[in-house]
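Trainee: Fold the following for me, if possible:
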Amino acid sequence: MEGASGSCPFAVPAGTRAAEQHPAGPRQAGSTEPSDEEPPGEGLDHHEVMGDGDQGVLEPEGPFSASPENASPVASTNSSTLPELISSEREEETSRNAVLSENVTSSTGTGSVIEGTQTVMWSRAEFHETTQSEKLCLEVLPSKAAQQDYHMPDVIAVRVQMGSDSFHDVAVKIERPTFRKPFLGGFKNRVTGVEFHNAGSQTVPKKRPEKGTTLFCRETQTVFERNRYQQTTNPTSTQMTKRGLYVSNMSDKLITPGKYLTAEEYHKRRLEAVIVLQKYFRRWHARNVVQNLKEKKRLRLAWEAQEELQRKKEKEDKLRMEQERKLNPKTKEDFELLYHALELWRQEETERINRTLTGAERKAALCGLLEQETELIASIGRHKLNADQDNQQKAVLRFLDKCAQPKRWKACDGKITEMDTQYTLRARELLEIYRSVSMNDIPKDERRDVLLLLRGTVKEHECKLTEEIVELIDRELDLMAREVKECNLEGLRKRICTLFLQYIKIPKFNPEVAKILKVPPDPLKLYKNIHFCRSCENYLPASEFPIPANSRTIGRCHLCCKLDNEARRRESFLKYRLILESLRKSEADYQDDATIVFLVQQQHLQYMIENIWGCQSALSACNDLYDLVMVRWDKQQEWSPWNTILLTKDEADAHLKLDNLQEAYEAPFIHGIKHKHIRAKKYFAQIPVMTSLFHRSDKQANAS
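Mentor: Residues are numbered from 1 along each chain as shown. This is a model prediction of the structure:
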């Protein structure tokens with residue numbers, strides 16, 4: 001035998017094979033079937049290789065053998081009866097169209113089901129005869145002719161034994177293949193020359209229920225790629241002039257060989273080309289660099305011009321605001337600026353008179369200057385009275401609004417919660433009544449309603465103050481009924497507002513005001529922290545006295561200091577106050593528990609700026625105090641008078657960005673700053689509170 005097989009196969013005729021593969025029995029994966037396509041060499045596709053399976057397999061009496069002893073008797077016995085065998089074979093095929101094994105237990109027909117106890121029988125002797133005759137036919141008849149002569153019917157009859165002597169014919173429908181079976185190889189019998197093709201079958205797989213999702217197997221996900229070289233053919237042909245054929249040469253071109261280039265000449269030419277490319281590239285790159293530098297310069301100049309315009313605008317706004325504050329003073333700082341401007345004007349005029357005039361003319365000019373100064377002081381006083389009235393009314397409204405504020409607290413989630421109590425509601429009601437009473441130029445009907453509401457509110461408590469308020473309200477109502485002019489009622493209305501304000505400030509009538517009043521309800525507490533002012537000879541609380549940190553006694557009160565400044569020096573402390581506020585705000589942003597900056601008072605800072613730093617920047621010598629700020633010299637340490645520097649705002653921003661001061665500044669400059677620090681430490685050493693902070697700052701400096 002040629003080929004390889006796992007079992008001993010045998011040849012089966014094409015007609016018999018169709019009957020064996022009935023649709024009811026399960027198909028065996030180990031069996032083989034003939035291939036429809038022709039294998040290489042010979043096209044024998046009407047034979048089948050059957051294995052030795054348990055079901056659907058018919059075995060002959062004996063296996064095939066390659067020796068001539070097993071093959072020769074068959075040929076000699078059946079050679080004389082070949083026509084009869086062929087005719088009998090065809091007659092038997094029409095009556096018997098299926099070969100089933102003894103183990104087949106069920107078969108499917110057209111609407112009939114066979115029970116498991118029934119068996120389909122077929123004579124093994126008849127099968128053997130059919131097999132031998134088929135073999136002889138294969139030797140005598142061509143394979144193509146035998147395949148074309150036989151056609152498998154669509155329905156075949158199968159006789160089924162129902163009992164010992166009863167049989168039943170069942171019609172079986174033949175299922176024809178719907179696809180071309182692939183060639184799976186096989187082998188050839190060297191004695192008979194019969195080729196056996198390998199065949200495979202598989203039962204129909206069970207349909208899985210759909211899960212609603214698309215599933216993919218590995219074969220459909222993985223892509224296998226192979227690279228193959230492919231050269232397409234482009235056929236061409238040429239034609240030459242020969243005897244009997246003329247080919248025109250009008251379109252031909254004469255090609256002459258050029259100059260031969262050596263390797264050195266070739267590389268030299270390429271080098272020259274590279275140099276040309278580099279030259280143009282460097283030119284393009286240099287042009288781009290120059291353009292970028294020009295653009296940066298333009299942006300820098302535009303930014304500097306914008307910053308300069310911004311500084312000029314801020315300075316102009318500052319001067320305009322200062323001029324506005326001088327023309328319409330409203331606060332204490334505004335009047336300080338006004339008196340300071342008056343003092344500067346007086347000094348300039350005095351200097352001019354002393355420089356230009358002498359004798360009696362000088363005395364007359366000084367007298368005229370004194371009269372002008374007196375008139376200006378009187379005008380400032382009148383403005384001050386008007387401003388005090390407006391400020392007093394605003395202060396009263398702020399005081400009452402503070403009493404009417406609801407209780408606020410911050411929750412754990414950061415939200416602010418507000419709550420109104422009966423006391424805050426009472427304070428808010430009194431605030432609305434006070435605003436209505438203090439309003440002017442309202443209609444008489446509304447004024448009458450406000451007075452009636454006020455009388456009903458104060459009548460809730462019986463006392464001498466409420467009786468007086470009720471009496472004044474009745475008087476105004478009577479005068480309004482008599483058509484008295486509004487200007488004649490101003491004094492009466494002011495008395496009502498004043499008495500009602502006193503009513504609001506009593507904790508018995510307005511409990512919320514007790515937490516805000518400066519005067520405690522208990523008179524015994526007034527004797528604590530009370531000091532005597534030797535200038536105005538009044539007893540005032542300690543909060544009304546400016547107590548320097550280096551003083552040992554109580555001096556004059558705030559009001560006396562203010563009057564002395566207005567009468568003599570007329571200095572403006574607004575600039576120093578702004579520098580101190582900016583310094584405290586910047587130190588609070590560091591969040592490192594700085595304490596020294598909050599102990600330094602305004603007069604201390606003024607002494608440092610005027611006597612130690614000379615009222616100018618340490619770098620640019622700018623003397624505009626509105627543009628100067630104080631920052632830390634070493635930003636790693638807490639601010640202190642011996643760890644500070646006076647700079648402009650732009651210089652301060654650049655200074656705080658430095659990491660190493662020794663590399664940024666020169667040694668003489670650092671030495672000058674250290675000398676100023678020593679002077680400041682010597683001055684503040686007189687303050688007892690500051691001496692305890694020297695050691696802490698020294699430890700911080702050593703640690704850094």
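Trainee: Just the CA coordinates for the helix or strand containing L492, please, in CSV.
Mentor: For L492, the host element (DSSP states H and E) is helix 490-504. These are the backbone C-alpha positions of helix 490-504, laid out as CSV (Å, rounded to 0.1, in the frame of the first residue of the first chain):
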residue,chain,number,x,y,z
GLU,A,490,-35.6,121.5,62.1
GLY,A,491,-34.6,122.0,65.7
LEU,A,492,-37.5,120.0,67.1
ARG,A,493,-36.8,117.2,64.7
LYS,A,494,-33.1,117.1,65.7
ARG,A,495,-34.1,116.9,69.3
ILE,A,496,-36.4,113.9,68.5
CYS,A,497,-33.6,112.1,66.6
THR,A,498,-31.1,112.7,69.4
LEU,A,499,-33.4,111.5,72.1
PHE,A,500,-34.4,108.4,70.1
LEU,A,501,-30.7,107.6,69.5
GLN,A,502,-30.3,107.7,73.3
TYR,A,503,-33.2,105.4,73.6
ILE,A,504,-31.6,103.0,71.1
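Trainee: Please enumerate the strands of the chain.
Mentor: Ranges of strands in the chain, per DSSP state E, are 155-161, 167-173, 186-188, 195-197, 407-410, 416-419, 530-533, 538-541, 628-632, 644-648.
Trainee: Mind giving me the packing neighbours of the helix holding L492?
Mentor: helix 422-438, helix 444-458, helix 464-481 (3 or more Cβ pairs under 8 Å, 6 or more residues apart in numbering; DSSP states H and E). For glycine as for every other residue, the C-beta is placed from the backbone atoms N, C-alpha and C.
Trainee: Show me which residues of stretch 419-430 are buried.
Mentor: Across stretch 419-430, burial judged by 16 or more other Cβ atoms under 10 Å covers 423-424, 426-428, 430.
Trainee: quick one: which of these is nearest E264?
Mentor: Nearest to E264 among these: T424, at 103.2 Å, using Cβ to Cβ.
Trainee: Any stretches of the stretch 201-350 of the chain with poor pLDDT?
Mentor: For the stretch 201-350 of the chain, residues meeting the criterion pLDDT under 70 lie at 202, 216-224, 231-232, 236.
Trainee: Distance to F509 and mean pLDDT for the helices and strands packed on helix 490-504 - can I get that in CSV?
Mentor: Shown next, in CSV, are these (distance: least, Cβ to Cβ, whole Å; pLDDT from 0 to 100):
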stretch, distance to F509, mean pLDDT
helix 422-438, 8, 91
helix 444-458, 8, 90
helix 464-481, 9, 91
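Trainee: what sits against R300?
Mentor: R300 makes no contacts at all, as judged by Cβ atoms under 8 Å, 6 or more residues apart in numbering.
Trainee: ok and the helix holding L492 relative to helix 444-458, angle-wise?
Mentor: 30 degrees (axes from the mean of the first three to the mean of the last three Cα atoms, to 10 degrees).
Trainee: Contacts for helix 490-504 next, please.
Mentor: Counting by Cβ under 8 Å, 6+ apart, 396, 400, 430, 433-434, 437-438, 454, 458, 465-466, 468-469, 472-473, 475-476, 479, 509-510, 513 sit against helix 490-504.
Trainee: before we move on, what about stretch 615-627?
Mentor: Stretch 615-627 has contacts (Cβ under 8 Å, 6+ apart) with 318, 575-576, 578-579, 609, 628, 645-649, 651, 669, 672-673.
Trainee: Now for I516, how many residues are close by?
Mentor: I516 has 12 neighbouring residues, counting by other Cβ atoms under 10 Å.
Trainee: Buried residues of stretch 501-516, list them for me.
Mentor: For stretch 501-516, the neighbour count (16+ other Cβ under 10 Å) marks 501, 503-506, 509-513 as buried.
Trainee: and the two most separated of those residues?
Mentor: Largest separation among the buried residues of stretch 501-516 by Cβ to Cβ: L501 and P511, giving 16.6 Å.
Trainee: what's K407 in contact with, if anything?
Mentor: Counting by Cβ under 8 Å, 6+ apart, K407 has contacts 418-421, 424.
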